[in-house]
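A.B. asks: Need a 3D model of the following:
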Amino acid sequence: MSLFENQAPRPLADKLRPKTLEEVVGQQHLLSAEAPLGRMLSQRRLVSLVLWGPPGCGKTTIARLLAEATDLAFEPLSAVFSGVADLRKVFERARQRRTAGQGTLLFVDEIHRFNRAQQDGFLPYVEDGTVVLVGATTENPSFELNAALLSRCQVLVLKRLDHDALGELVRRAEAELGRSLPLTEAAREALLALADGDGRYLLNLVEELAALPPEPQRDPAGLAEIVQRRMPLYDKSQEAHYNLISALHKSLRGSDTDAALYWLARMLAGGEDPNYIARRLVRFAVEDIGLADPNALPQAIAAWQAYERLGSPEGELAIAQCAIYLGTAPKSNAAYRAFSDARRSAKETGSLSPPLHILNAPTQLMRGLGYGAGYAYDHDAEEGFSGQNYFPDDLPRQSFYRPVERGFEREIAKRLDYWARLRSRRQEETAVRDAGTEI
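C.D. replies: Residues are numbered from 1 along each chain as shown. Modelled structure (predicted):
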């Protein structure tokens, strides 16, 4: 570093970058003595890793400190700005160091940005020990990294920084600055909430606030005037999209209406398309409520239509009202399971024909072949129920739909029991009549 570089201003986040792994906050589940990285460091060995976590949780810092702790040369790359030529240069330098007896830690930020072919390019150098690869990603490695590379790396999940970790960063910042931030206690809490688990973002806010005069002390409203509200971390096309819709769906299934409203609000605040949420609520109505409450589906469709007519933000209330209705409705997946079982049976039994007596016979030939022979018109039968068989002749009677003892399905179960008793009685009557005919 030159004299001029040493005198250049540095961001607060850079000044406070931890110098040892013990100074890293919020990741003790990985760094403590009994944790995965703690055990590796105690043995002075390091395997290739993928550090998966949200922005500002310390992935780059941890990688750099791991290299120092294991006496490896640190080679940082960004997948956003680097290509094949850059990788070749790194691998060549790593090969030369290895010849001289020193290893190399290759840190690749945003590793998921490399395509599949580029990811395959790491494999021989990881396998022969030329580099210890440490990749950092904010995306789910299961979806973004190829299986060959994942099989050679240990995936470690970093957590978003919690309240205590963020508070510690503010205290360190104030110690570095030599003064307290001009905030009330309530505003300090609001500042931590605004950071949303991102330490780098928090320190950038602190640096902005530190430039203010010490008086007056800003309350939460005053803080909001100074810093713009941060949009929640939410990528509509990536994992957060699927995580939050899963949380909403499962909260509804668990009849936790308040949790469902929370996740709904999170998705809307993150910019999710309300039409997508409305579509998922319609699916929930038929998959998880079904006939336990036959009104659930009309409610879901009506909410979707209301949103389409009103738009945002007014129409979002219709979606919230629908979520409340679905969350408080009785639950049943009996129809969902029944149809799944029926589809499996249809696939297994192939092309079995319907029994002849329920086939139409529009021609003389078909009547001569027995089409429609013996069909009993249910409306003419006693109690409006003939009890005839409607399954293929070669397929024993199946029972797909088993309603639960909840909501309206309790009444449906009574109807099915009633028809089952009638069917049994009709079969007994038919057996007796057929026996008398044979005599």
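A.B. asks: could you point out which element follows the helix or strand hosting residue 176?
C.D. replies: According to DSSP states H and E, residue 176 maps onto helix 163-177. Per DSSP H and E, the first helix or strand lying C-terminal to helix 163-177 is helix 185-195.
A.B. asks: That following helix: how far from the chain's middle?
C.D. replies: 28 Å (CA atoms, centre = their mean, to the nearest Å).
A.B. asks: all strands in the stretch 1-150 of the chain, in order from the N-terminus.
C.D. replies: 49-52, 73-78, 104-109, 132-137 (DSSP state E, counting those that start in this stretch).
A.B. asks: Rebuild those as a markdown table, extending it with mean neighbour count, mean pLDDT and distance to residue 394.
C.D. replies: In short, each C-beta sits where N, CA and C put it, glycine included. Below are these laid out as a markdown table (neighbours: other CB atoms under 10 Å; pLDDT from 0 to 100; distance: least, CB to CB, whole Å):
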| stretch | mean neighbour count | mean pLDDT | distance to residue 394 |
| --- | --- | --- | --- |
| strand 49-52 | 25 | 92 | 54 |
| strand 73-78 | 17 | 91 | 65 |
| strand 104-109 | 25 | 93 | 61 |
| strand 132-137 | 25 | 92 | 55 |
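A.B. asks: Could I get those in TSV, plus columns for distance to residue 192?
C.D. replies: What follows is the strands of the stretch 1-150 of the chain, written out as TSV (distance: least, CB to CB, whole Å):
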stretch	distance to residue 192
strand 49-52	24
strand 73-78	29
strand 104-109	26
strand 132-137	24
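A.B. asks: Which one of the ones you listed lies nearest to residue 419?
C.D. replies: Of all those, strand 49-52 sits nearest to residue 419, with 54.6 Å by CB to CB.
A.B. asks: and the closest residue to residue 161 other than its chain neighbours, how far is that from residue 197?
C.D. replies: Excluding its sequence neighbours, the residue lying closest to residue 161 (CB to CB, 6 or more residues apart in numbering) is residue 26, at 4.2 Å. Going from residue 26 to residue 197 by CB to CB, to the nearest Å gives 9 Å.
A.B. asks: in the chain, which ranges drop under the pLDDT threshold?
C.D. replies: Applying pLDDT under 70 to the chain flags residues 1-9, 228-241, 434-439.
A.B. asks: So for the lengthiest helix in it, what gets flagged as buried?
C.D. replies: The residue-count maximum for a helix in the chain (DSSP state H) belongs to helix 409-438. For helix 409-438, burial by neighbour count (16 or more other CB atoms under 10 Å) applies to 409, 412, 413, 422, 423, 426.
A.B. asks: likewise stretch 27-34?
C.D. replies: Those would be 27, 30, 31, for stretch 27-34 by 16+ other CB under 10 Å.
A.B. asks: would JSON lines of these with distance to residue 386 be doable?
C.D. replies: Shown next, in JSON lines, are those (distance: CB to CB, whole Å):
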{"residue": "27", "distance to residue 386": "70"}
{"residue": "30", "distance to residue 386": "69"}
{"residue": "31", "distance to residue 386": "73"}
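A.B. asks: Closest one to residue 393 out of those residues, please.
C.D. replies: residue 30 (64.1 Å).
A.B. asks: most centrally placed residue in the protein?
C.D. replies: With distances taken as CA atoms, centre = their mean, residue 243 lies nearest the centre of the chain, 2.1 Å away.
A.B. asks: Distance from stretch 160-167 to the middle of the chain?
C.D. replies: 23 Å.
A.B. asks: Contacts for that stretch, please.
C.D. replies: 25-26, 53-54, 56-57, 169, 192, 195-199, 202 (CB atoms under 8 Å, 6 or more residues apart in numbering).
A.B. asks: I'd like these laid out as CSV, including neighbour count and distance to residue 136.
C.D. replies: Formatted as CSV, these follow (neighbours: other CB atoms under 10 Å; distance: CB to CB, whole Å):
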residue, neighbour count, distance to residue 136
25, 19, 17
26, 22, 16
53, 22, 8
54, 16, 11
56, 24, 12
57, 27, 10
169, 23, 19
192, 20, 24
195, 24, 20
196, 18, 19
197, 22, 16
198, 20, 14
199, 24, 14
202, 25, 19
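A.B. asks: now for those, which pair is the farthest apart?
C.D. replies: 53 and 192 (18.3 Å).
A.B. asks: still on that earlier bit, nearest to residue 396 among the buried residues of helix 409-438?
C.D. replies: Nearest to residue 396 among the buried residues of helix 409-438, with distances taken as CB to CB, is residue 423, at 13.8 Å.
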